[in-house]
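Chemist: sequence first, then the predicted structure:
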Amino acid sequence: MTHMELTRRSFVVTAAAAAGGGIMLGVASANAAAINGSPWMSPTTKDGTEINHWVVIDPDGAVTVRISYTEMGNGAMTAIPMILNEELSADWGMIRAEFANVNRHVTNDNLWGRMATGGSGTVRSGRVLFQQAGASVRERLKAAAAAAWGVDVSTVVAKDSMLMSGSNHGMYADFATAAASIALAEEPAIKTPDQFEFLGTSVVRLDNPLKVNGSAKYGIDTRIPGMVYAAVATPAVRDGKVKSYDAAAIADRPGILQVVELVQHPDATERRDVRNGVVVIADTWYRAKTALELMPIEWDLGPNSNVTQEGLEVMFTAALDTPGEVRREEGSDTLGIISRSNNVMTADFIRPFEPHVCMEPFNCTVSIGDNRVDLHVSTQNPPGAVQSITDQLGIDPGMVHLHTPFIGGGFGRRFSHDEVRQAAEIARLSGLPVKMVWTREEDIMQGSHRPMGAARIMAALGDDGLPTAIWSRNTAHYRALAEMPYNIPNQHHELTKTASHIPTTAHRAPGTNVNSFTSEQFVDEMALAAGWDPLEWRIHMTTNNDKADWNLMFRTLKSVSGFTTDLPRGEGIGVAGAYDHGSIVANAVHISVSRRGQLRINKVDVVLDAGHIINPLGAVTQMEGGTGFEISHTLLGGLTVSDGSFHKNNNYDTFHMARIADMPEVAVHFSLSGGEKWGGCGEPPVAAFGAALANAIFFATGKRLRSTPISKHDLSWS
């Protein structure tokens, strides 16, 4: 056969042509095309000038902004330069981006501040810092120009990469060298939202062209000289052990270099620690993986190997009978009021463990040299990755040089760095530069997942049908239940912790992703029991209290969604609202269900109040992506525990995720309350969807669903 180099872009174009179709590749701006295939570490021109550690200006006028947060589809690569440039006022077409040097960060007292990307915190945590960095550079450029022209700095105007004062004018680049040596007497004031000119306008993301043409580099794309590949097998059950393995059985297979055993530290208790396991190292990952599958391994799975899904559900539900930690108390004698009431409602809910299933398989490349360790990994927390590898290898953090690529999905999972520790240990044991890649099965089996959650909720309704007291207890998290915004005078919410052997961690919209399913369905039940339209109930119950932003959001949802309970059987609209990471969000989910129970999600209206929006186009894509993400978990997902592990549904053929055909139209609407509110956009869209879908199903079928995945329920009706 003729050898042919096939790039991702050429494949897409060729496939489209072969199908008789067409394709349009969008380009954001000239600067995006200038970013090379390794955008985070793209070098600036050699004689470019660093004005401060955030901004470098090249002689040709290009402005490089250092990005302190990672890009994992959250839009950080675009939002940070936008915020900084609101103050700097450079020509946007001249802006480029590179990731801040992590080694410089950890060896210079956390130079860039927070570098952990999570909790929808890029804008919320960094906005003031980014604005200040841009304003500082602008004022130093103006001071340099004023000195060169012999004019007062107050007469100098900075706009679109140009400096002007009377007949004097010049480019930012002309004054960069002088500006770098200027120390301001005090840092300039930054703009308030009412003064923004650039922020709030829609900007195409800088990383779009790279991801369309296939030049974007992820951890899985790492190649370094002398690199070998490692495939890993660990016991299916957490804390299991290796009883024996027969390395001789695969010694003669092509490309096999070493077989090493990973040994868990006897005191290891954290999910991040190296687990017991067996590793095959070869010259290609496929050879390593194939040999590992063929090598005889005997496991001691330990006492948790008899744990089942049914047993866990019984255990978690039983835990609701045990008092927990009080997370919110309002009014007095909530339980007494409920016990004395003649109109009490109660319900139990349960949701399973959910994996993150990031599209990029977990991988990590480690090369240990003399006084230097190179680490290549997709991480949400680069300094945390450095800390993990220094702990594992017992070295100084200054020895570690972290190369941070794009992230093919994070959702909280890429904070743990158990893959970093594991790859570092394999590199140490083998003495080779190693690229470790987990199979999807290992990813789910070794993963830390969204917690399984059970919840119980009770309420007493007064003579007017409105709740006088509400009580809840749950096992997953206090959020959403303890944060209910409704004007209910007596509230008592508890968290009772229930542990299993399965490790858990943050999962997009932690807490609210489980508990809003409970709270916002129960709201519908209370409203309907009293004869209220559920959306009107929410509007009424956020009136005349301190939740004016909620009230505005629900009124906006009413105006844009056409919500009604008066639809033919088989059709339904469900609504729900939630708070998450500084933002509030409401959904109206429009569905149809056939008599045989076939569900179709036709449209989702999303109303977001993040206070302010940096990039409306970016916010819309986050709402769309978050909706698709939670469709996967509410409708289709759910890990099944059997024999203590997830061996029943640990790949995409058995753990189902939303496909293109499952994705509805998503209409995004903003209801911005402004003021001091600066909420996130990455996690909030997940929070309200599950309850809104379940409420819609109730109106379409008359069936109230208290567990997920919904695909396991019979939705047929007559």
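Modeler: Done, it's in. On a predicted model such as this, the values are computed, not experimentally measured, just so you know.

Chemist: isn't E525 up against R704?
Modeler: Yes. With contact defined as Cβ atoms under 8 Å, E525 reaches R704; the gap is 7.3 Å. Every residue, glycine included, has its C-beta placed from N, CA and C.

Chemist: so between the two, which is more surrounded?
Modeler: It is E525, of E525 and R704, that has more neighbours when counted by other Cβ atoms under 10 Å, with 18 against 13.

Chemist: quick one: that one from H477, how far?
Modeler: 21 Å (Cβ to Cβ, to the nearest Å).

Chemist: can you get me the start-to-end distance on stretch 403-418?
Modeler: Here the two ends of stretch 403-418 are set 17 Å apart, with distance taken as Cα to Cα, to the nearest Å.

Chemist: pLDDT on it, on average?
Modeler: In this model, stretch 403-418 carries a mean pLDDT of 95.

Chemist: for stretch 537-552, same thing?
Modeler: 94.

Chemist: which SSE is G61 in?
Modeler: Taking DSSP states H and E as the definition, G61 sits outside all helices and strands.

Chemist: enumerate every residue touching the residue nearest to it when sequence neighbours are not counted.
Modeler: Using Cβ to Cβ, 6 or more residues apart in numbering and skipping the chain neighbours, the partner closest in space to G61 is A173 (4.7 Å). A173 makes contacts with 57-61, 161, as judged by Cβ atoms under 8 Å, 6 or more residues apart in numbering.

Chemist: can you flag the buried ones in those residues?
Modeler: Taking 16 or more other Cβ atoms under 10 Å as the criterion, what is buried in the contacts of A173 is 57-58, 61, 161.

Chemist: give me the secondary structure label for T365.
Modeler: When classified by DSSP: H, G, I helix; E, B strand; the rest coil, T365 comes out as strand.

Chemist: which residues does it bridge with?
Modeler: Taking DSSP bridges as the rule, T365 bridges to H376, K435.

Chemist: isn't it up against T222?
Modeler: Yes. Counting by Cβ under 8 Å, T365 touches T222, with 4.5 Å between them.

Chemist: one step back: I'd like the buried ones among the contacts of A173 written out as JSON lines, with distance to V377 and secondary structure added.
Modeler: Below are these laid out as JSON lines (distance: Cβ to Cβ, whole Å; DSSP: H, G, I helix; E, B strand; the rest coil):
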{"residue": "I57", "distance to V377": "31", "secondary structure": "strand"}
{"residue": "D58", "distance to V377": "29", "secondary structure": "coil"}
{"residue": "G61", "distance to V377": "34", "secondary structure": "coil"}
{"residue": "S161", "distance to V377": "36", "secondary structure": "coil"}
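
Chemist: closest one to E261 out of the residues you listed, please.
Modeler: Relative to E261, the closest of those is D58; by Cβ to Cβ it sits at 50.8 Å.

Chemist: that closest one contacts E50, doesn't it?
Modeler: No. Counting by Cβ under 8 Å, D58 stays clear of E50, with 10.7 Å between them.

Chemist: now the farthest one out in this structure, which residue is it?
Modeler: In the chain, counting by Cα atoms, centre = their mean, G150 sits farthest out from the average C-alpha position, at 50.8 Å.

Chemist: measure it to M663 for me?
Modeler: 62 Å.

Chemist: for the stretch 351-500 of the chain, which segments are assigned as strands?
Modeler: For the stretch 351-500 of the chain, applying DSSP state E, counting those that start in this stretch gives strands covering 363-369, 372-376, 400-403, 434-437, 453-461, 467-474, 490-495.

Chemist: please apply the same query to the stretch 101-250 of the chain.
Modeler: In the stretch 101-250 of the chain, the strands defined using DSSP E, counting those that start in this stretch lie at 157-159, 162-165, 168-171, 228-233, 241-245.

Chemist: give me the contacts around the third one.
Modeler: Spelled out, it's strand 168-171. If you take Cβ under 8 Å, 6+ apart as the criterion, strand 168-171 is touched by 61, 145, 148-149, 151, 161-163.

Chemist: in the stretch 351-500 of the chain, which spans are helices?
Modeler: Using DSSP state H, counting those that start in this stretch, the helices found in the stretch 351-500 of the chain span residues 382-393, 418-430, 440-446.

Chemist: tell me which of those lies nearest to P534.
Modeler: helix 440-446 (36.5 Å).

Chemist: now do the closest one, average pLDDT.
Modeler: In this model, helix 440-446 carries a mean pLDDT of 95.

Chemist: do the same with stretch 327-337
Modeler: For stretch 327-337, mean pLDDT rounds to 95.

Chemist: can you check stretch 306-323 too?
Modeler: Mean pLDDT, stretch 306-323: 97.

Chemist: for Q521, give its distance to R704.
Modeler: Q521 is 7 Å from R704, by Cβ to Cβ.

Chemist: any shared contact partners between the two?
Modeler: In contact with both Q521 and R704: A694, using Cβ under 8 Å, 6+ apart.

Chemist: domain ranges for this protein?
Modeler: Listed domain ranges for the chain are 30-213, 220-302+362-437, 310-353+449-712 (source: automatic domain parsing).

Chemist: what is the end-to-end distance of the last one?
Modeler: Using Cα to Cα, the end-to-end distance of domain 310-353+449-712 comes to 15 Å.

Chemist: right, and the helix or strand after the one helix or strand N85 maps to?
Modeler: Using DSSP H and E, N85 falls within helix 76-88. Downstream of helix 76-88, the next assigned helix or strand under DSSP H and E is strand 95-99.

Chemist: roughly how far is that following strand from the heart of the chain?
Modeler: Its chain's C-alpha centre lies 22 Å from the corresponding centre of strand 95-99 when counted by Cα atoms, centre = their mean, to the nearest Å.

Chemist: and it, what other elements does it pack with?
Modeler: Packing partners of strand 95-99 (3 or more Cβ pairs under 8 Å, 6 or more residues apart in numbering; DSSP states H and E): helix 30-34, strand 63-67, helix 76-88.

Chemist: what pLDDT does the nearest residue to R706 once chain neighbours are set aside get?
Modeler: The shortest distance from R706 to any non-neighbouring residue, by Cβ to Cβ, 6+ apart, is to F349 (4.6 Å). What the model reports for F349 is a pLDDT of 98.

Chemist: can you check the one 4 residues further on too?
Modeler: For F353, the model assigns a pLDDT of 97.

Chemist: again with the one 10 residues further on
Modeler: On pLDDT, N363 comes in at 98.

Chemist: ditto for H265
Modeler: Taking H265 on its own, its pLDDT is 83.

Chemist: quick one, what contacts it?
Modeler: 273-274.

Chemist: any idea how far it lies from Q387?
Modeler: From H265 across to Q387, the span is 17 Å (Cβ to Cβ).

Chemist: next: S707.
Modeler: For S707 relative to Q387 (Cβ to Cβ), the value is 39 Å.

Chemist: again, but for R238
Modeler: For R238, the distance to Q387 - Cβ to Cβ - is 23 Å.

Chemist: and for T701?
Modeler: 51 Å.

Chemist: out of the two, which sits in the more crowded spot?
Modeler: T701 (23 against 16).

Chemist: was I right about that one contacting I591?
Modeler: No. Between T701 and I591 there is no contact under Cβ under 8 Å: 9.6 Å.

Chemist: overlap of the contact sets of these two?
Modeler: Residues touching both T701 and I591 (Cβ under 8 Å, 6+ apart) are G572.
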